[in-house]
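Visitor: need coordinates for the following:
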Amino acid sequence: MKKRIWVHILILATLSLLALIPVRRLTGTKYSYSKDDFIGLINGGSGINRSDKIEDTSVLAIVKMNGNVLKTEWDYIDFMVDTYGFEASDFDNMDIIQFVTDFSLDTQIASREDAWKIYKYTADIYQYTDMTRMYNFIYRDTNESVQKGDTIVKIGYYFNEGTFAQSSVFDITEGVFYVDDLTAHNIPDGVREELKTFAERYHLDEWNKIPVDEPTDPDSTANYAWRLVFVTESGNTCSYYGGLGYTDPKGSYDAMSELTAMIETI
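Guide: Sure, this is the predicted structure:
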């Protein structure tokens, strides 16, 4: 009986020690496992492929912590350089975020050899064009949300009413907006200042990242979809979406109407 009690005490003490270590840094890399990832490794789980030995640092791609480690293109470049031995110049004029995400190079163990093979045969597909550089951020889901007090510096807007789809970018910092192409249209100064307060006026901090499902008519052929992506002054990119089959956030219709009214001036 006493032995069993001591075993329980030892288990509790071990878990308590792990709880004091929010991040466990492994093998000298700056990309780290969270406590849950560390426990998952011990148990052989957490979605990590353990076909390679954990001691072999040449085949480690460290799991993103809570999905928030890699945010900017430079974060992804640094990750690929540190983990797979690339040079930063290998990703010049390349959509590295889409490349890494499509092949799960940031969330699974892969050998350096395999990573280089993927790069060799697919890198051309991910070369930026002026259009993709301008609009790609609109179609990418992110983990960040707009916070109370945030100032918006850029808005990406996609709207599909069923028979007509349109994408636009409002660069509030530069005072211009674009609609489906690379032609810059001026944003009037008064409107520009209004756009900066988008977060406050439409209570974006209260919007759901994942919209609530809403029943639809199974026989309907209607289509309606939208995406709004807000870049904040602090550098966060915050994506939201909705449309048919979802309950749209309060204020989203008015927010889109404001942007649509500006588009209709050109």
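Visitor: would you point out which residue is most central in the chain?
Guide: residue 142 (2.6 Å; Cα atoms, centre = their mean).
Visitor: ok now do that one, which residues does it touch?
Guide: 229, 236-239 (Cβ atoms under 8 Å, 6 or more residues apart in numbering). For the C-beta atoms, the positions are set from N, CA and C on the backbone; glycine is no exception.
Visitor: let's have those in JSON lines, adding secondary structure and pLDDT.
Guide: Below are those laid out as JSON lines (DSSP: H, G, I helix; E, B strand; the rest coil; pLDDT from 0 to 100):
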{"residue": "229", "secondary structure": "strand", "pLDDT": "96"}
{"residue": "236", "secondary structure": "coil", "pLDDT": "91"}
{"residue": "237", "secondary structure": "strand", "pLDDT": "92"}
{"residue": "238", "secondary structure": "strand", "pLDDT": "94"}
{"residue": "239", "secondary structure": "strand", "pLDDT": "95"}
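Visitor: which PyMOL command selects the buried ones in the residues you listed?
Guide: Restricted to buried positions by 16 or more other Cβ atoms under 10 Å, the PyMOL selection for the contacts of residue 142 reads:
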select buried, resi 229+236+237+238+239
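Visitor: so which of the contacts of residue 142 is the closest to residue 178?
Guide: residue 229 (13.8 Å; Cβ to Cβ).
Visitor: hmm, residue 240 and the closest one touching each other?
Guide: Yes: counting by Cβ atoms under 8 Å, residue 229 does reach residue 240; the two are 7.4 Å apart.
Visitor: which residues do these two both contact?
Guide: With Cβ under 8 Å, 6+ apart, residue 229 and residue 240 have no common neighbours.
Visitor: now do the contacts for residue 81.
Guide: Residue 81 makes contact with 87-88, according to Cβ under 8 Å, 6+ apart.
Visitor: that one in helix, strand or coil?
Guide: What DSSP: H, G, I helix; E, B strand; the rest coil gives for residue 81 is helix.
Visitor: quick one: the strands in the chain, in order.
Guide: 23-24, 33-34, 152-160, 165-171, 176-179, 185-186, 212-213, 225-232, 237-243, 246-247 (DSSP state E).
Visitor: give me the contact list for the fifth one.
Guide: With Cβ under 8 Å, 6+ apart as the test, strand 176-179 has contacts from 134, 166-171, 184-187, 262-263, 266.
Visitor: among those, the buried ones, what's the PyMOL command?
Guide: A single PyMOL command is used to select the members of those judged buried by 16+ other Cβ under 10 Å:
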select buried, resi 134+167+168+169+170+171+187+262+263
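Visitor: rewinding a little: distance of the residue nearest to the centre of the chain from residue 170?
Guide: Distance, residue 142 to residue 170, using Cβ to Cβ, to the nearest Å: 18 Å.
Visitor: in stretch 245-252, what's buried?
Guide: By neighbour count on 16+ other Cβ under 10 Å, the buried set for stretch 245-252 is 246, 248-249, 252.
Visitor: will you turn those residues into CSV that also has pLDDT?
Guide: Shown next, in CSV, are these (pLDDT from 0 to 100):
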residue, pLDDT
246, 89
248, 90
249, 91
252, 94
